[in-house]
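Trainee: sequence plus the predicted model coming up.
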Amino acid sequence: MNDQPLNGPDAPRGCPVAHGGDGDLTRLYGPEAALDPLGIYARLRKEYGAVAPILLEGDVPAWLVLGYRENRRVLDNPRQFSRDSHNWRDLNQGRVGQASPLIQMLGWRPDCVSQDGEPHRRLRGAVTDNLQTIAGRGIRRHVTHFANKQIDAFADAGRADLVGDFAEYLPMLVLTRLFGLPAGEGRSLAASCAQVIKGGEEALAHNNRIMQILGELAERKRAEPGPDFTTGLLGHRADLDEGEILSHLRLVLITAHTTTSNLLARVLQLILTDTSRLAGLVSGQLIVSAVVEEVLWNTPPLAVLPGRFATADLELGGHHIKEGDLLVLGLTAGNLDPEIRPDTGVSVQGNQSHLAFSGGGHECPGQNIGQAIIETAVDVLLHRLPGLRLAVPADELTSTASTWEARLDALPVEFAAQTAGV
């Protein structure tokens, strides 16, 4: 903790709403946030510095961590900044109800993300063990299969939207195979996962639908085990109970799909808006992982990470954080922090110290699987679609943001029409 005194003219500032005031705070949701999240981050940084008071959906107060170093401090210190929402003062005092869309992202569940210490290590071990197992079972073969099926649907048209026709659903189709789910569930599950992340009134209903499908899956796999992630959780030595199994199936399904689909779309956007990158990939002079690395720095798939709860009064970024305050981590803002990247045009190739996969004990355990999906998908796409090019000017591409992510709306492309399956 910083030794800065908590009084005097340079004292850390408190959150107006969290402390009972009526400050006019920025909402990290709604129409403005959907159109210009980067502008909001820049304005907040100028006004408040590395940490800013904001409002989440339902006008719930929170701190947005904007600074790279401040994000690292929060991520690396679970004793000061817990992931366990039992520490959330506004929830405990009834200002956030169980029907709030925020509960889908911040509420406690019997999973590794919601806990710290030994309970976290036990549960995370079950997840990482099984992710490593399925990663060695031909994941690139599954991606190739489903990527070709997706491309077959539009190959003869010579035109496509690589968001809606490809990136939006491909990761979920792969996950259905890895989980032991019918491929036919893929599209509807992808839509439900997207709605949970987006929030709003329908988030709870979509979450309930996901949990119902996963409950039926677990029951089926008890009777008919297979070489899949679900069976691995059921039989893991950590001896997960029913709630723990379903919560981890939900956790991996939602986070793996939404982050990978968003990242894949952004990688394709960067490739197609820079002809030198496209030519480098086609010629073999550039590898996909280098493009992925650049995207992870500049447009990480999860822009804001939920969340942490202060376990004591402390100072962060020149502000007084009170015990029970909610902090959300600005991964995009931290990656673009001018304190560490005064010139964002400088190459970040070979530098993997970005925040895109979180950090500390809760760092994303499935990043290698996501990378395999993206690299294989891009390779298949470039092989199948010669002459691939953007069909609209690059400055016409748009994104829509929620509190937690900014997703590319569409990526219209043209290419030489192909016979399906070739």
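Mentor: Nice, thanks for sending it over.
Trainee: can you tell me how far the spatially most central residue of the chain is from residue 401?
Mentor: Nearest to the centroid of the C-alpha atoms of the chain, with distances taken as CA atoms, centre = their mean, sits residue 302, at 3.4 Å. In this view, residue 302 and residue 401 are 12 Å apart by CB to CB, to the nearest Å. C-betas here are computed from N, CA, C, even on glycine.
Trainee: one more: residue 79?
Mentor: Distance from residue 79 to residue 401, counting by CB to CB: 32 Å.
Trainee: between those two, tell me which one has more neighbours.
Mentor: residue 401 (22 against 9; other CB atoms under 10 Å).
Trainee: I'd guessed that one sits against residue 31; true?
Mentor: No. Contact between residue 401 and residue 31 fails when scored by CB atoms under 8 Å: they sit 10.4 Å apart.
Trainee: can you count the residues close to residue 124?
Mentor: The burial count for residue 124: 20, using other CB under 10 Å.
Trainee: surely it meets residue 364?
Mentor: No. Contact between residue 124 and residue 364 fails when scored by CB under 8 Å: they sit 11.0 Å apart.
Trainee: need the residues touching each of those two.
Mentor: Counting by CB atoms under 8 Å, 6 or more residues apart in numbering, residue 124 and residue 364 have no common neighbour.
Trainee: strands along the stretch 201-350 of the chain, start to end?
Mentor: Taking DSSP state E, counting those that start in this stretch as the criterion, the stretch 201-350 of the chain carries its strands at 304-310, 314-316, 319-321, 326-330.
Trainee: need those in TSV (columns: mean pLDDT, distance to residue 57 and mean neighbour count).
Mentor: Output for these, formatted as TSV (pLDDT from 0 to 100; distance: least, CB to CB, whole Å; neighbours: other CB atoms under 10 Å):
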stretch	mean pLDDT	distance to residue 57	mean neighbour count
strand 304-310	96	11	24
strand 314-316	98	23	20
strand 319-321	98	21	21
strand 326-330	98	11	26
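Trainee: now the terminal residues of stretch 318-336, how far apart.
Mentor: When the termini of stretch 318-336 are compared using CA to CA, to the nearest Å, they are 19 Å apart.
Trainee: let me fix that, I meant to ask about stretch 308-327.
Mentor: The separation between the terminal residues of stretch 308-327, taken as CA to CA, is 5 Å.
Trainee: check stretch 274-288 too.
Mentor: Taking CA to CA, stretch 274-288 runs 14 Å from one end to the other.
Trainee: what about the closest residue to residue 50 other than its chain neighbours, neighbour count?
Mentor: If the residues on either side of it in the chain are set aside, residue 50 comes closest to residue 67, at 3.0 Å by CB to CB, 6 or more residues apart in numbering. Burial of residue 67 is recorded as 24 neighbouring residues (other CB under 10 Å).
Trainee: likewise for residue 237?
Mentor: 9.
Trainee: buried residues of stretch 133-146, list them for me.
Mentor: Taking 16 or more other CB atoms under 10 Å as the neighbour-count basis, stretch 133-146 is seen to contain the buried residues 134, 139-140, 142-146.
Trainee: and the contacts of it?
Mentor: 170, 173-174, 177-178, 183, 227-229, 232, 368-369, 372-373, 376-377, 380.
Trainee: so for it, mean pLDDT?
Mentor: Across stretch 133-146, pLDDT averages out at 90.
Trainee: what of stretch 331-350?
Mentor: Averaging pLDDT along stretch 331-350 gives 91.
Trainee: rewinding a little: any chance of the strands of the stretch 201-350 of the chain in JSON lines, plus distance to residue 262?
Mentor: Shown next, in JSON lines, are the strands of the stretch 201-350 of the chain (distance: least, CB to CB, whole Å):
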{"stretch": "strand 304-310", "distance to residue 262": "13"}
{"stretch": "strand 314-316", "distance to residue 262": "28"}
{"stretch": "strand 319-321", "distance to residue 262": "30"}
{"stretch": "strand 326-330", "distance to residue 262": "16"}
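Trainee: out of the ones you listed, which gets nearest to residue 287?
Mentor: For the strands of the stretch 201-350 of the chain, the distance to residue 287 is smallest for strand 304-310, at 27.6 Å, taking CB to CB.
Trainee: now for the closest one, which elements pack on it?
Mentor: With contacts defined as 3 or more CB pairs under 8 Å, 6 or more residues apart in numbering; DSSP states H and E, strand 304-310 has these neighbours: strand 81-82, helix 103-106, strand 326-330, helix 331-335.
Trainee: now for the third one, which elements pack on it?
Mentor: So that's strand 326-330. Helices and strands touching strand 326-330, by 3+ CB pairs under 8 Å, 6+ apart, are strand 51-56, strand 60-65, helix 68-76, strand 304-310.
Trainee: quick one, the second one and helix 68-76 angle?
Mentor: What separates the directions of strand 60-65 and helix 68-76 is an angle of 120 degrees, with axes from the mean of the first three to the mean of the last three CA atoms, to 10 degrees.
Trainee: start at 57 instead
Mentor: With the count now opening at 57, the last piece we talked about shows up as strand 116-121.
Trainee: ok, strand 116-121: who's next to it in the sheet?
Mentor: For strand 116-121, the pairing partners within the sheet under DSSP bridges are strand 107-112 (antiparallel), strand 382-386 (parallel).
Trainee: can these go into CSV with extra columns for distance to residue 370?
Mentor: Rendered in CSV, the data for the strands paired with strand 116-121 read as follows (distance: least, CB to CB, whole Å):
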stretch, distance to residue 370
strand 107-112, 11
strand 382-386, 11
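Trainee: go through the ones you listed and name the closest to residue 216.
Mentor: For the strands paired with strand 116-121, the distance to residue 216 is smallest for strand 382-386, at 33.3 Å, taking CB to CB.
Trainee: quick one on the thing from earlier: and the residue nearest to residue 106, what does it touch?
Mentor: Applying CB under 8 Å, 6+ apart, one finds that residue 123 lies in contact with 105-107, 373, 389-390, 393, 395.
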